[in-house]
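J.: mind folding the following:
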Amino acid sequence: AGFVSCGNDESIRLWSWDGSCLQTLSGHGSFVYCVGVLPTGEIYSASEDKTVKIWREGTCLQTIHHPGSVWSVAHLPNGDLVTGCSDNMCRVFTRDASRVASAEALQAYEDLISTQAVPSNIVGDELRMDDLPGVERLQAPGTQDGEHAFVRVDNQIEVYSWSAGVQSWQKRGVVSSGVQPTMGKEMLNGKEYDYVFDVDLEDGDPPRKLGYNAGENPYDAAQAFVMREGITSEAVNQIVEFIIANSNSSSLPMTSCDPYTGGSRYIPGLEAGPVSSAPARAPARAPTRNEPFSASGGADPFTGAGRYIPGSAPSQQEQHLNKSQPRESRYFPLKSPVTMGDGKLERVMSKILEFNAILQGDPATALLALGENGKRCLSSLVDTLLDLGRYHQTTITDSELDAVDVLVKWPQTHLFPVLDLLRFLLLHPTSWLKYAERYKLKRGDILDTIVNRAFRDNNDIKACHLMGLRALANSIARPSFRHMLDHHLTEILEILGSFVDHPDANLRMALVTTYLNFSSVCIDRECPIPSDSKTQCLSAVVALLNESVDAEVTFRLLVCVGTLLYNDDECRRSALEDFELDTTIERLEHHETEKVQICAQDIRRLNMQGMLLVRRYKLARREELRK
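T.: Got it, this is the predicted structure:
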């Protein structure tokens, strides 16, 4: 017994009542808006990919295609399904032959479906007309419901979908092929785009192409790119911001409306843009501690507080806030640290096995290599780490950590993929428990391993430094590891400070993210950080901020500064008196990136409180000297 949920990661998840994920169902090609359970125990789901799917025991039994996004689906007492589609139509689907529509109505519906545009994520990147079969492909049955077949017919590509319900191929549309781009547009994978961006994912890898059209929802483009390239969903927001910053668009037009409010889909960190043709509706009112917020007042829907709008006057409520506690910015203080989970773990595994073979083939290093059992344990560990949907059901085993212990003793020239493996390992919720048990009888912990192998032992290999910083960022991001900082705080801050002037962009991003996560520790009451350590961190961050030219790096540094200043009077005083932060903030208030501007403006308000503290400090010093 339990419940079922859906989300914009295209998946459906089954949960037990204690919060454990029991199963993940995958098959939709876009956001899943609605999910429910039939009296028979079968699950049904509705998605923006224009389908409703029926699931039984983890398998998709049937896919019901629609002429638009399916925003809602529900079942009637008799087991029929009712769907609400973006074409403003509700439709009823039944298994009862006595209630099925006429043959003419069914044919008209099939004709309507077959004329729809085929979603680009179905077409794929490697589709070539010359390689496609003819209509003979449709003689072979499909293997599962929803399977797609691409057929070459008269210099066109027709798309068919296998229907398990009627055991036949159903035409879903036609894909254009070999079209030349119109003036001012670029062609990518057979489709025209207003913009085609080069996206660098990893060092040494060729850039990947990201297509985007003006007026398209940037979140849709980013989500499709992330899924196609196998990147973790954590990168979506960063890609959205990149698209907005590079597409010469000051507003954010949406292609879809929220099916419940009529407004644009919520994108974290972005203001609402213009809605599409659906009629505007007033947002639902939510009670706050004082009074319901106004639909036009720009209130935060979660806290009831007014959101900051550049140039607007403070509300009456804000003027009466306790002046000793600053108002929260949209972006700080940072309460949820940033994890560095991007990248492909399979490539890390491949590189480790490559280095293992090299070490095994050299008599001088053969004893350092993993044997067959160790390689099996390593493979099992990687499988566990790749199964993101079952993280809270799986456990890292002692034998898997034994294999990691062998790897961390490798020579520095072969160490960087091992440190990268540690980065992924630290994201697993049971890893800290296992490491706590492992180091219980020893002096040391996992941070010892990272610090000593990546930064000490005369290690001057840049790749090790990069992977070590990413592993540090993830360890600090995990609340369970934070108690270890007591023994390493001074050393870690010294290590971070040694990279402040490093020119490599990837290493700098890892460094900034580590500082960012450290700032979130500073507001964690269960992990008190000495004020001088916060000031040391602030000094390095301000130095980075003064040299930063990358908008994303600058934004993260500002969030870090805002978090450090938020509830620490000494940091606010030092920021103005020792580091002259006000000059830097004044410059960034005119930055070309909106979120950088807003963050800088919010920090300036904190600085105004800091100015009062500086005056009080100077007056107190004068009084001491006078006495």
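J.: what's the following helix or strand after the lowest-mean-pLDDT helix or strand in the chain?
T.: Ranked by mean pLDDT, DSSP states H and E, the weakest helix or strand in the chain is helix 316-319, scoring a mean of 38. The helix or strand immediately downstream of helix 316-319 is helix 345-361, counting by DSSP states H and E.
J.: return the list of helices and strands in contact with that next one.
T.: helix 372-386, helix 416-425 (3 or more CB pairs under 8 Å, 6 or more residues apart in numbering; DSSP states H and E). Just so you know, the C-beta spots here come from the backbone N, C-alpha and C atoms, and that holds for glycine as well.
J.: ranking the ones you listed by burial, who's on top?
T.: With neighbours taken as mean count of other CB atoms under 10 Å, the helices and strands packed on helix 345-361 reach their highest mean count in helix 416-425, at a mean of 24.
J.: pipe the helices and strands packed on helix 345-361 into a markdown table and attach distance to Ala221 and mean pLDDT per row.
T.: Formatted as a markdown table, the helices and strands packed on helix 345-361 follow (distance: least, CB to CB, whole Å; pLDDT from 0 to 100):
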| stretch | distance to Ala221 | mean pLDDT |
| --- | --- | --- |
| helix 372-386 | 25 | 94 |
| helix 416-425 | 27 | 94 |
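J.: of those, which is nearest Ser498?
T.: helix 416-425 (17.1 Å; CB to CB).
J.: tell me what the closest one is packed against?
T.: On a contact count with 3+ CB pairs under 8 Å, 6+ apart, helix 416-425 meets helix 345-361, helix 372-386, helix 398-407, helix 446-454, helix 462-477.
J.: that one: what's the following helix or strand?
T.: Following helix 416-425 toward the C-terminus (DSSP H and E): helix 431-438.
J.: that next one versus helix 398-407: what angle between them?
T.: Counting by axes from the mean of the first three to the mean of the last three CA atoms, to 10 degrees, helix 431-438 lies at 80 degrees to helix 398-407.
J.: identify each buried residue in helix 431-438, please.
T.: Buried residues in helix 431-438, counted by 16 or more other CB atoms under 10 Å: 431-432, 434-435, 438.
J.: closest to Asp602 among those residues?
T.: Closest approach to Asp602 among the buried residues of helix 431-438 (CB to CB): Trp432, at 33.3 Å.
J.: ok, the closest one touching Arg478?
T.: Yes: applying CB atoms under 8 Å, one finds Trp432 in contact with Arg478, separated by 6.2 Å.
J.: between the two, which contacts overlap?
T.: Taking CB atoms under 8 Å, 6 or more residues apart in numbering as the contact rule, Trp432 and Arg478 both touch Leu426.
J.: ok, which of the helices and strands packed on helix 416-425 comes nearest Ser11?
T.: Evaluated with CB to CB, those place helix 372-386 nearest to Ser11, the distance being 14.9 Å.
J.: give me the below-cutoff pLDDT ranges for the stretch 201-350 of the chain.
T.: By pLDDT under 70, the low-scoring segments of the stretch 201-350 of the chain are 201-206, 215, 230, 232-234, 247-328.
J.: hmm, Ile6 is touching Glu48, no?
T.: Actually, residue 6 is Cys rather than Ile. No: counting by CB under 8 Å, Cys6 sits too far from Glu48 to count as a contact (11.2 Å).
J.: so for these two, which residues contact both of them?
T.: With CB under 8 Å, 6+ apart, Cys6 and Glu48 have common neighbours 32-33.
J.: give me the pLDDT for Asp80.
T.: pLDDT for Asp80: 92.
J.: just give me the neighbour total for it.
T.: A count of nearby residues for Asp80, using other CB atoms under 10 Å, gives 15.
J.: cheers, nothing more for now.
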